[in-house]
Every structure is written in structure tokens, then in C-alpha cells.
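In: Predicted model follows, preceded by the sequence.
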Amino acid sequence: MFTYILISLIIAYLLGSIPTGFLLARYWKGIDIRQYGSGNIGATNVWRTLGVMPGIIALLGDVAKGVAAILVARYFGGTSVELTAAIGALLGHSYPVFLNFKGGKIIATGAGIIFSFSPMSGLIALALFIATVGLTRYVSLASIVAAITIPVCFYLFKLDTPYFVFAVMVASFAIFKHRSNIKRLISGNEYKVGQKKL
């Protein structure tokens with residue numbers, strides 16, 4: 001079992017480390033996405049910098065990393081292997097070996113994992129994400145709301161305790177990764193959807 005856990009962890013980490021947004025920006029416009037916008041390699045910054053279509057492609061690519069990691073884990077074993085792979089994919093996305101361990105904020109890759117564990121939880125979080133963006137135009141706030149929603153849904157849908165603990169950890173980590181956004185939200189300087197670049 002330990003061997004399967006280790007193999008899944010390594011594969012999931014490498015999958016998570018694939019810098020979708022970075023590679024897409026290089027291919028699409030020949031730029032280093034880290035030098036533009038927020039400097040993040042995630043789908044939101046790709047969308048702001050390159051446009052809607054590249055942003056959607058980056059989003060789907062990051063989501064696919066999470067789904068792929070869980071599919072690999074399910075080939076090898078059960079709950080412990082799945083959760084280890086999930087952690088590996090998130091760490092890979094956030095601290096990618098291919099970009100000197102400076103990556104994204106785990107929301108999209110985390111979404112792929114959550115949909116794999118509990119599709120209904122994923123749909124509820126997605127609905128709240130869309131509603132929050134629609135009401136406030138803040139993607140960062142919507143991401144935080146969605147992250148907090150996941151452990152609540154896992155608890156209400158009575159997923160096994162290890163999955164609930166995982167959800168709490170992921171939500172906490174997602175909020176931590178958005179700490180600079182939270183500061184800008186409080187100060188009123190956070191970027192809004194549709195806001196013109198200065």
C-alpha cells in the first residue's frame with residue numbers, strides 16, 4: 001500500500017506541476033504570464049491578460065490536472081491513496097517543480113478534485129462562485145466563498161471523515177493563498193471583472 005501511495009503522490013505532484021497558464025501564455029502570445037497582471041500563472045490572470053478563450057482553456061487544463069490525479073489514484077487503491085494524490089496535485093499546482101516552486105492558488109485544480117470526490121458539492125460550490133462573481137465582480141472573493149462551501153457540503157452530504165478533514169485543510173490553504181487578495185478586498189483595491197486596466 002505504501003508503494004501505491006508513494007507512486008500516486010509523485011505522479012499527482014508532477015501532474016499538478018504542469019504550468020498550464022504559463023505554457024498557454026508562451027504558446028498563445030509568446031509571453032511570460034508571471035510578468036503580467038497579478039503575476040499569477042492561474043486561469044484568472046490568463047483570462048485578464050490574454051482574453052476569455054485562453055482563460056477558459058487554462059481553467060479547463062487546471063481542472064483536468066485534479067481529475068487526472070484522482071483517476072490515477074483510483075487505479076492504485078482506496079481512500080488513503082486518493083487523498084494523498086489530491087494533496088500531491090494541489091502542492092504541485094501551488095509549488096510546481098517546473099517553475100521554481102512558484103505556482104497558482106489551487107482553486108481550479110482543487111475544483112477538479114472536489115468534483116471527483118463529490119460532484120454535487122462541486123456543483124453547489126460552482127453555483128455560489130458564479131453567484132458571487134455576478135453580485136460582486138470579485139473572482140477572488142468568489143474563490144474564497146467556494147472554498148469555504150466545500151467542507152460544509154462534505155459534512156452535510158456525510159462524506160467519510162478523512163474527506164471532510166481534507167476539505168477543511170484545502171479550504172484553509174485556499175484562503176491562505178488568497179491573503180494578498182483579502183488585503184486588497186479590505187482596502188477596496190481588488191480587481192473586479194470587467195474593470196479597465198490602469
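Out: Received it, and whenever you're ready, just let me know what you need. Numbering: from 1, shown residues only.

In: Pull up the gap between residue 85 and residue 148, please.
Out: Distance of residue 85 to residue 148, given as C-beta to C-beta, to the nearest Å: 23 Å. Just so you know, the C-beta spots here come from the backbone N, C-alpha and C atoms, and that holds for glycine as well.

In: which one of the two has more residues nearby?
Out: residue 85 (33 against 17; other C-beta atoms under 10 Å).

In: Touching, that one and residue 10? I think so.
Out: No: the criterion here is C-beta atoms under 8 Å, and residue 85 misses it with residue 10 at 9.5 Å.

In: low pLDDT regions in the chain?
Out: Residue ranges of the chain with pLDDT under 70: 196-198.

In: Run the chain-centre distance for the lengthiest helix in it.
Out: Longest helix in the chain by number of residues (criterion: DSSP state H): helix 52-76. The chain centre lies 10 Å from the centre of helix 52-76; the measure is C-alpha atoms, centre = their mean, to the nearest Å.

In: That helix - contacts with which helices or strands?
Out: helix 2-17, helix 20-29, helix 43-50, helix 79-94, helix 107-117 (3 or more C-beta pairs under 8 Å, 6 or more residues apart in numbering; DSSP states H and E).

In: got the contact list for the third one?
Out: It stands for helix 43-50. Here helix 43-50 makes contact (C-beta atoms under 8 Å, 6 or more residues apart in numbering) with 20-21, 24-25, 28-29, 31, 33, 36-39, 54-56, 58-59, 62, 108, 139-140, 191.

In: Any of the residues you listed buried? List them.
Out: Those of the contacts of helix 43-50 that meet the buried threshold are 20-21, 24-25, 28, 33, 36-38, 54-55, 58-59, 62, 108, 139-140, 191, by 16 or more other C-beta atoms under 10 Å.
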